[in-house]
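Visitor: Return a 3D structure for these sequence lines:
(chains A, B, C and D)
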There are 2 protein chains.
Amino acid sequence: MLDRETAREQVLQAAEALFYAQGVQAVGMDAVRGTSGVSLKRLYQLFPSKEALVLQFLERRDTSWRQALARYVDTHATPDEQVLAVYDWLHQWFSEPDYRGCAFINSFGELGGISTAVADQARHHKQAFRDYLAGLVEATGLPQELADQLNLLAEGAITTSAITGTPEPAHQAREAARLLMQAHRQTEKVDTQDAQDTQLTH
Amino acid sequence: MLDRETAREQVLQAAEALFYAQGVQAVGMDAVRGTSGVSLKRLYQLFPSKEALVLQFLERRDTSWRQALARYVDTHATPDEQVLAVYDWLHQWFSEPDYRGCAFINSFGELGGISTAVADQARHHKQAFRDYLAGLVEATGLPQELADQLNLLAEGAITTSAITGTPEPAHQAREAARLLMQAHRQTEKVDTQDAQDTQLTH
DNA sequence: CCCGGGGGAGAACGTCCGTTCTCCCCCGTG
DNA sequence: CACGGGGGAGAACGGACGTTCTCCCCCGGG
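Guide: As a prediction, the model looks like this:
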């Protein structure tokens, strides 16, 4: 027999693989049992219902996804490199053989209309990612509105890559992010210049 | 009794409202009957199966969505205004009271892993939108890579707006698009300048 | 007026799925 | 060795759903 913790772990791993690949509703508890090797009886001791399992799956994925991203970004030194590293990490992710988009976007599309708990999880995950970007942007000294723009590029790359099946959107997003940072710096300089001009003419 | 065409129309309208609001799998054929007022027998005369109805729903939504966008964009004169008008139109769309994201992204997340027909429809729709943007970009004379970047901004705004529940991402995307166009023009000018400088020094 | 066919309402059928229950085995304890 | 309890395999149960069928009505044509 399996330790309670390892059984739980195997169930969550199986659930993650199945739910992510096929969607939540297309996967029965029987499939989770088959893939995890944990009997139905035990499964229902560990998780009181399928919905509970789905929510645990999302929570687990939220933390592991954000940890992996942060770990990768942390290997870069300057704030500018860190911002761009986000898109390099996305490119790696998109290149995984069974990449099928963001589990939260997918779950939101499937269940967001009928389960507020799932919708809340999606909101929480996306909010956390945006906040993470805001932190990176702050370190660059660039204006906060850049964070929202970087966020849109990342989200767009995630779904576009999922549907087209190529990791290329990550590169496009990275290049756009570079240009946006450049443009914001340009604007700053111009504003400063304007201020100085104004002072001089007085 | 209803004319065959109007019955078909009512079924598709009901299907669109239900599938979009709750997801495909959460809506039974009984709900489609109830909302459309078309009996099950007739429903199955018009569409041989639920899957066929789903595909028709997606096809119909593809054309009507792209038509509405193009109609709005066409009311703007210059190429630059037309590009930005895309995001204004998105803002209108996001502000609809029961906006719940892109039907194709949602369907792809829910069914893309188990139905290649649905995945194909999503690919087709997104490809058509990207091609449309490419046409707008061509009219501005800016480089084609801008089209992919504008596309990412739009896709990102669509999902971010759906999950957060505010239309604000449309404005953020519009501003980012403006900056990107500016940045591309800047780069062009610099390149041209470089070329001229090189000539002068000879 | 009779007749036949198309259509509406909804029952019926078969399947699937979430959840629980039964039965049996195994293992550790006295 | 006897025994009790936890766990595995899978049957069972209740409900939902896609799809088809039954029954009855209505309406137009002879």
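Visitor: what does stretch A:143-150 contact?
Guide: Stretch A:143-150 is contacted from outside by A:83, A:86, A:130, A:133-134, A:136-138, A:140, A:177, A:180-181, A:184, A:188, B:153, B:169, B:172-173, B:175-176, B:179, using Cβ atoms under 8 Å, 6 or more residues apart in numbering or on different chains. (C-beta placed from N, C-alpha, C; glycine too.)
Visitor: Quick check: residues of chain A near DNA strand C?
Guide: A:25, A:26, A:27, A:28, A:29, A:30, A:40, A:41, A:44, A:49, A:50, A:51 (Cβ under 7 Å from any atom of the strand).
Visitor: Now that we have the contacts of stretch A:143-150, which of them are buried?
Guide: Buried members of these, counted by 16 or more other Cβ atoms under 10 Å in any protein chain shown: A:83, A:86, A:130, A:133, A:136-137, A:140, A:177, A:180-181, A:184, B:153, B:169, B:172-173, B:175-176, B:179.
Visitor: about what we covered before: could you tell me which of the residues of chain A next to DNA strand C count as buried?
Guide: Looks like the residues of chain A next to DNA strand C have A:25, A:26, A:27, A:50 buried, using 16+ other Cβ under 10 Å.
Visitor: Which ones among the buried ones among the contacts of stretch A:143-150 lie within helices?
Guide: Using DSSP state H, the subset of the buried ones among the contacts of stretch A:143-150 located in helices is A:83, A:86, A:130, A:133, A:136-137, A:140, A:177, A:180-181, A:184, B:153, B:169, B:172-173, B:175-176, B:179.
Visitor: okay, now the domains of chain A?
Guide: A:1-47, A:61-200 (automatic domain parsing).
Visitor: so can I have TSV of these showing mean pLDDT?
Guide: As requested, the domains of chain A are exported to TSV (pLDDT from 0 to 100):
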stretch	mean pLDDT
domain A:1-47	93
domain A:61-200	94
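Visitor: Just send those back as CSV, with distance to residue B:72 too.
Guide: Putting the domains of chain A into CSV (distance: least, Cβ to Cβ, whole Å) gives the following:
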stretch, distance to residue B:72
domain A:1-47, 33
domain A:61-200, 20
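Visitor: just checking, which of those domains sits deepest inside the structure?
Guide: domain A:61-200 (a mean of 18; mean count of other Cβ atoms under 10 Å in any protein chain shown).
Visitor: is that one anywhere near DNA strand D?
Guide: No - contact of domain A:61-200 with DNA strand D (Cβ under 7 Å from any atom of the strand) is absent, the minimum separation being 10.0 Å.
Visitor: which residue ranges form the strands in chain A?
Guide: In chain A, no segments count as strands under DSSP state E.
Visitor: All the helices of it, residue numbers only.
Guide: Counting by DSSP H, the helices of chain A are A:4-22, A:29-36, A:40-46, A:50-74, A:79-94, A:103-111, A:116-140, A:145-164, A:168-200.
Visitor: Looking at these, which is nearest to residue B:59?
Guide: Nearest of these to residue B:59, taken as Cβ to Cβ: helix A:145-164 at 16.3 Å.
Visitor: Measure how far the closest one is from the centre of its chain, please.
Guide: Its chain's C-alpha centre and that of helix A:145-164 lie 10 Å apart, by Cα atoms, centre = their mean, to the nearest Å.
Visitor: could I get it in CSV with only the CA atoms?
Guide: Extracted C-alpha coordinates of helix A:145-164, given in CSV (Å, rounded to 0.1, in the frame of the first residue of the first chain):
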residue,chain,number,x,y,z
GLU,A,145,1.7,50.8,-17.2
LEU,A,146,4.4,48.8,-18.9
ALA,A,147,3.6,45.9,-16.6
ASP,A,148,0.0,45.6,-18.1
GLN,A,149,1.4,45.8,-21.6
LEU,A,150,4.0,43.1,-20.9
ASN,A,151,1.2,41.0,-19.4
LEU,A,152,-0.9,41.3,-22.5
LEU,A,153,2.0,40.2,-24.6
ALA,A,154,2.6,37.2,-22.4
GLU,A,155,-1.1,36.1,-22.3
GLY,A,156,-1.4,36.6,-26.1
ALA,A,157,1.7,34.5,-26.7
ILE,A,158,0.3,31.7,-24.4
THR,A,159,-2.9,31.3,-26.3
THR,A,160,-1.6,32.0,-29.8
SER,A,161,1.1,29.4,-29.2
ALA,A,162,-1.4,26.9,-28.0
ILE,A,163,-3.7,27.2,-30.9
THR,A,164,-1.1,27.5,-33.7
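Visitor: Might you report the residue contacts of residue A:109?
Guide: By Cβ under 8 Å, 6+ apart, the contact set of residue A:109 is B:23, B:101, B:105, B:106, B:107, B:108, B:109, B:110.
Visitor: Test my guess that the second one contacts residue B:158.
Guide: Okay, so that is residue B:101. Yes - with contact defined as Cβ atoms under 8 Å, residue B:101 reaches residue B:158; the gap is 6.2 Å.
Visitor: gap between residue A:68 and residue B:68?
Guide: Distance of residue A:68 to residue B:68, computed by Cβ to Cβ, to the nearest Å: 39 Å.
Visitor: Correction: the previous question concerned residue A:92.
Guide: Distance of residue A:92 to residue B:68, given as Cβ to Cβ: 37 Å.
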